[in-house]
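In: Structure here, sequence nowhere to be found:
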Ligand SMILES: O=CC(=O)O
């Protein structure tokens, strides 16, 4: 792909972008010169002036030589909303910027889809169809379900907004308490009173391994744990042990480890549903991410 044309306005801020048609969204930003870089290839001469690196297609472990070659770098813009793999990689004084407010709708929709499929027992009906059995059975409903959502960002909020119309009673848990939002300790204490616990948290020190044996044991019989945050929020061994009791259900879009090896016991653990970090993967995901990147670069131009 040739370098992208320069937007009007001078002097332009040089933004290094991966080779991707979506990068053209940056050329619509006045004052930006988007320059394509190819991981592993020699850097273009404009890299010496680059203030922003849109880091996509490069693993954080491979990034240090590239970062060291960008003397005017002020911001690293990620394609992901989670930043945990880049913390400590980006040099001091360089802002690490995530792609936020990108996946809320898609991931919340996935949570609702999974919960509806669970309470209405759709998997059992799929099996009955495969066996050509015309046989109805009673199922649960989401109406009146008490749902505890850890994480009050756009994903957690998207889950709340979509579950309330289904008749769920939703309680939010955030990093700090505020009106209508419990803090993390109060949230953990509230687990036994809920039918569904949704994890939509970032992975930081205080959330790593947060769902361990004690947390799982405090969930009521038949409760559902949904993880759309990061795999290591949950202690996998504790979850495997709990799954053997048959007491709980777990619906996991993220796992620890990831990708989940084909012979990992989580795949076949009783009551566990696994999808491959796919909740946000809709047809328009690239457009959503590039729009967020453009928003973040535009905000950088004003600081
Ligand atoms: O998991 C996806 C992301 O962090 O964007």
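Out: That came in fine, so what should we check first? Not measured: the values here are computed from a predicted model.

In: and residue 199, bridged to which residues?
Out: Bridge pairing for residue 199 (DSSP bridges) gives the partners residue 150, residue 227.

In: residues touching it, list them.
Out: Applying Cβ atoms under 8 Å, 6 or more residues apart in numbering, we find residue 199 in contact with 150-151, 211, 225-229, 233-234. Glycine gets a C-beta too; all of them are placed from N, C-alpha and C.

In: Can you verify my assumption that residue 86 contacts residue 60?
Out: Yes - using Cβ atoms under 8 Å, residue 86 is in contact with residue 60, at 5.0 Å.

In: Grab the nearest non-local neighbour of whichever residue of the stretch 101-250 of the chain sits closest to the ligand.
Out: Using Cβ to the nearest ligand atom, the single residue of the stretch 101-250 of the chain nearest to the ligand is residue 103, 5.9 Å away. Using Cβ to Cβ, 6 or more residues apart in numbering and skipping the chain neighbours, the partner closest in space to residue 103 is residue 280 (3.9 Å).

In: And residue 31, how close does it get to residue 226?
Out: 43 Å (Cβ to Cβ, to the nearest Å).

In: Tell me which of the two has more neighbours.
Out: Higher neighbour count among residue 31 and residue 226: residue 226, with 25 against 16, using other Cβ atoms under 10 Å.

In: Enumerate every residue touching that one.
Out: Residue 226 neighbours (Cβ under 8 Å, 6+ apart): 111, 114-115, 196-199, 250-252.

In: Then residue 263?
Out: Per Cβ under 8 Å, 6+ apart, neighbours of residue 263: none.

In: rewinding a little: confirm that the residue nearest to residue 103 sits in a strand.
Out: No - using DSSP: H, G, I helix; E, B strand; the rest coil, the secondary structure at residue 280 is coil, not a strand.

In: Not counting sequence-adjacent ones, nearest residue to residue 208?
Out: In space, residue 208 comes closest to residue 232 once its chain neighbours are excluded; the distance is 5.3 Å by Cβ to Cβ, 6+ apart.

In: Give me the pLDDT value at that neighbour.
Out: Predicted confidence (pLDDT) for residue 232: 98.

In: need the helices for the stretch 1-150 of the chain, in chain order.
Out: Under the criterion DSSP state H, counting those that start in this stretch, helices of the stretch 1-150 of the chain are mapped to 63-68, 104-119, 122-130.

In: what is the rounded mean pLDDT of the first one?
Out: What that stands for is helix 63-68. For helix 63-68, the per-residue pLDDT averages 95.

In: residues in contact with it?
Out: Helix 63-68 has contacts (Cβ under 8 Å, 6+ apart) with 37, 39, 43, 53, 55, 58, 73, 76, 86, 89-91, 94.

In: try 10 Å
Out: Residues from elsewhere that reach helix 63-68, judged by Cβ atoms under 10 Å, 6 or more residues apart in numbering: 16, 37, 39-40, 43, 47, 53, 55, 58, 60, 73, 76, 85-86, 89-91, 94.

In: residues from the stretch 51-200 of the chain in reach of the ligand?
Out: 80-82, 103 (Cβ under 6 Å from any ligand atom).

In: By neighbour count, which of the residues you listed wins?
Out: Ranking these using other Cβ under 10 Å puts residue 103 first, with 25 neighbours.

In: That one: what's it in contact with?
Out: 80-81, 110, 154-155, 158, 200, 228, 279-282, 285, 288-289, 292.

In: if we go to 8 Å?
Out: By Cβ under 8 Å, 6+ apart, the contact list for residue 103 reads 81, 154-155, 279-280, 288.

In: Going by neighbour count, list what's buried in the helix or strand encompassing residue 185.
Out: Residue 185 is part of helix 184-190, with elements assigned from DSSP states H and E. By 16 or more other Cβ atoms under 10 Å, the buried positions in helix 184-190 come out as 184, 187-188, 190.

In: contact partners of that helix?
Out: For helix 184-190, contacts defined as Cβ under 8 Å, 6+ apart pick out 148, 150, 171, 173-175, 177, 182, 206-207, 210, 215, 218.
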